[in-house]
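A.B. asks: Okay, sequence plus prediction incoming.
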Amino acid sequence: MNNSKLLLPIHKKLLTPWNDLRKGDCCGRKFEVVSDGYYSEETDFFAHKKCAEYSFERVSHPYHSIHPLSLASAPEISVRCTLCGMRIWDVYYSCQLCDVYMHLYCAKYPPPEVVDISDKHSHKLKLLKAWIEFTCGANCGEEGDGFPYRCGECELSFHVGCVRHTSEVNHSCHPSHPLKLFRGAPPDYTGGKCTLCGKGLEELFYHCSTCNFSVDLDCIHQPPPTHLLNLKGHGHKLTLVPRVMSFTCNGCGLKGDRSPYVCVQCNFVIHLDCFLFPRLININRHDHRVSFTPVLGVLDLVCGVCRKKMDWSCAGYSCVSCPNYAVHSTCATRDDVWNGKELEGVAEEVEDTDPYKLIEEGVIQHFSHEEHHLRLNKDGVVLYDVNKRCNACTHPIVLQSFYSCTVCDFFLHESCAQLPRKRRHVLHNDQLTLDTGNSLFECVACGVFCNGFRYVDGHKIFDLRCGSIVEPFKHPSHPQHPLFLLTEEETAICSGCNELASPVLKCIEDNCGFVLDFKCATLPQVVKHRVNAYPLSLCYGEKAKEANGKYWCEICEKETNAKTWFYTCRDHCASLHVNCVVGDLSGLVLGRPLNQDRITYEVVLSTSMTRPRCSACFRTCLYPSIMITLPGEYSCSIACTLKIWRKIFMYW
């Protein structure tokens, strides 16, 4: 293979020919197709040889000459090739104006205009260059639409795929017998899956009835290699066993049911995908890089992602800095855990994540407030001051040590001041950066609007409370067990608010079922409200049993739900709704001007003897904080503020 570089339209960096078999980053089947191809070391991007050599940004096609076809990546919705009728999985060409889609192969190698298939039809067939609906005259007999082959004498139409694919092929993974083309639903005895890759068989595949050996079209066009040699993955050459068989994979420790690669010398068995795991990666569950380890060693380990016990005799990912940390290979490379970047050969950048400089004992200079020094207060004299709020998390300063500015009204909880400037989070695969911007944003984890500090990467924004959550997460409502995020998409009923939520933190102990959404997980444990002279505490678990019976919220005067958390006073003689106590504006810093669309707003405490009336919903403002939108105009919630914004812009 020569060393000349090429520029691939779907990747704007030069690529070098690459002999090693790898999974591709070029198409939607990146974790299923293995081949040699082209590679960019700068971006760690690998393109299959087929994808690289077939791809041009725009092509003219003889069967769609009115518009050029444009190259596109894997489609988000299910589409079929206009020419062959088969589903498109990976890189393809399309004309969005005409809803024309074509495989790379069909675009570069269009079917001939006239074919002679005497074994299927007695007359020559001509490919129509017009889109029509038809019923296929071949064995499949199915209805279709697109460009068919047409017999002018019999007026029969045929799928291009039915005409194009030969009736039988010889396959390198099944040399005993030829495989015959099969159209339609696969027989029950086949199990409905390709013997080689395990994917479901579609309406067109090849089959050997003598051996019950079925192969889908992908494995026909690009069969898996019969031998593999990758000394980083294993010290010997591996041989493919192309058959349905049960085995335990030495790569991931999971059961397999077909076509593994084996090393008889070592009694080593592995899935093809597991043999090609990346060597060094970052995952969102751990602060350090983790590296692929063929055998973890005799250690009692629990996977850092799924929390299940690991088989030490199998491969996995481990951390050099943390000897007791390991992750299943399949868990570490999940799409919601790993960002897909291989880091082998990439130097690790040493970043200064310290948020402050120590000036002297108890005095710091925090990066968010460099103009003045902050002094630590540990004497506990501030039991609860509603006017003192942490500028980072926006919660009040209460029964906690905190830093205060020696010149102005700037406060930080000691715990908030210590948070790193860079960190990883279970809900995002790339590193987050601590930002102190003043703009309004909605936290992607809890849905609360905030203008305090936030952890940011691109469009992913977490408020400081949600961004600080790490696994295992311990919450006072469930002290017996820690909580974990299992999958980002999982939905469950939150034990705090009794509502369906996602994402959620769960207790993984058997028969426990305790679940918290991020909003309930970050509620303040103690708050102060005008309805009571003393601070109110969040009530759940055993505390809720002490407050049994029927209670009405003293703020909205409606009955409280015994199945949800509530706030109560120290003698449990009252119960108040969480939202009534905290309010919809709890994520906004008091007194800090908020600039939005050329209008300045300010959040203040509702401390007057009479509650103001909201200018949007016209109800009395019940919450502890209100927003001054215009002189003499107030809003009680984010929703009401948005209504006022829309009303203002209607007159502009």
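C.D. replies: Now that the structure is in, tell me what you want to look at. Numbering: from 1, shown residues only.
A.B. asks: what's near enough to touch residue 474?
C.D. replies: Residues near residue 474 by CB atoms under 8 Å, 6 or more residues apart in numbering: 482-483. Every C-beta, even on glycine, is put in place using the N, C-alpha and C of the backbone.
A.B. asks: How many neighbouring residues does the nearest residue to residue 151 once chain neighbours are set aside have?
C.D. replies: Closest residue to residue 151 apart from its sequence neighbours, by CB to CB, 6 or more residues apart in numbering: residue 123 at 5.0 Å. Residue 123: 13 surrounding residues under other CB atoms under 10 Å.
A.B. asks: May I have the phi/psi pair for residue 123?
C.D. replies: phi -120, psi 160 (degrees, to the nearest 10).
A.B. asks: ditto for residue 313
C.D. replies: phi -80, psi -10.
A.B. asks: distance of it from residue 325?
C.D. replies: 18 Å (CB to CB, to the nearest Å).
A.B. asks: Got the domain ranges for the chain?
C.D. replies: 6-54, 168-221, 227-275, 356-417, 526-582, 594-651 (automatic domain parsing).
A.B. asks: Between those, which one is closest to residue 334.
C.D. replies: Nearest to residue 334, of all those, is domain 6-54, at 10.7 Å by CB to CB.
A.B. asks: Stretch 413-428: end-to-end distance?
C.D. replies: From its first residue to its last, stretch 413-428 covers 25 Å (CA to CA, to the nearest Å).
A.B. asks: re the thing from before, dump the domains of the chain into TSV; add distance to residue 299, mean neighbour count and mean pLDDT as well.
C.D. replies: Below are those laid out as TSV (distance: least, CB to CB, whole Å; neighbours: other CB atoms under 10 Å; pLDDT from 0 to 100):
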stretch	distance to residue 299	mean neighbour count	mean pLDDT
domain 6-54	28	18	64
domain 168-221	31	17	86
domain 227-275	14	17	83
domain 356-417	33	17	83
domain 526-582	35	17	77
domain 594-651	49	16	77
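A.B. asks: Can you say which of the ones you listed is nearest to residue 162?
C.D. replies: domain 168-221 (6.6 Å).
A.B. asks: Distance check, the spatially most central residue of the chain against residue 288.
C.D. replies: With distances taken as CA atoms, centre = their mean, residue 336 lies nearest the centre of the chain, 4.0 Å away. Distance from residue 336 to residue 288, counting by CB to CB: 19 Å.
A.B. asks: Break down this protein into its helices, ranges please.
C.D. replies: Remark: helices assigned in the chain by DSSP state H are 49-54, 104-108, 160-164, 217-221, 272-275, 329-332, 414-417, 464-467, 518-521, 542-546, 578-582, 638-651.
A.B. asks: could you redo these as CSV and give each row distance to residue 408?
C.D. replies: Formatted as CSV, the helices of the chain follow (distance: least, CB to CB, whole Å):
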stretch, distance to residue 408
helix 49-54, 58
helix 104-108, 62
helix 160-164, 73
helix 217-221, 65
helix 272-275, 57
helix 329-332, 46
helix 414-417, 16
helix 464-467, 20
helix 518-521, 31
helix 542-546, 38
helix 578-582, 27
helix 638-651, 27
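A.B. asks: closest to residue 559 out of these?
C.D. replies: With respect to residue 559, and counting by CB to CB, the nearest of these is helix 578-582 at 12.3 Å.
A.B. asks: Which residues does that closest one contact?
C.D. replies: 497, 523-524, 527, 529, 536, 538, 553, 555-556, 564-567, 622-624.
A.B. asks: Take these and keep only those in strands.
C.D. replies: Using DSSP state E, the members of those that fall in strands are 527, 536, 538, 566-567.
A.B. asks: Would you mind giving those residues as a markdown table with distance to residue 202 added?
C.D. replies: Shown next, in a markdown table, are these (distance: CB to CB, whole Å):
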| residue | distance to residue 202 |
| --- | --- |
| 527 | 58 |
| 536 | 61 |
| 538 | 54 |
| 566 | 55 |
| 567 | 57 |
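A.B. asks: Now compare these and name the two farthest from each other.
C.D. replies: Applying CB to CB across these, the maximum distance is between 527 and 566, 11.6 Å.
A.B. asks: what is in contact with those two at once?
C.D. replies: By CB under 8 Å, 6+ apart, residue 527 and residue 566 have these common neighbours: residue 538.
A.B. asks: give the contact list for residue 409.
C.D. replies: Counting by CB under 8 Å, 6+ apart, residue 409 has contacts residue 591.
A.B. asks: I'd like the distance between it and residue 389.
C.D. replies: The value you get for residue 409 to residue 389, if CB to CB is used, is 10 Å.
A.B. asks: and if you look at residue 48?
C.D. replies: 55 Å.
A.B. asks: repeat for residue 569
C.D. replies: Taking CB to CB, one finds residue 569 at 22 Å from residue 389.
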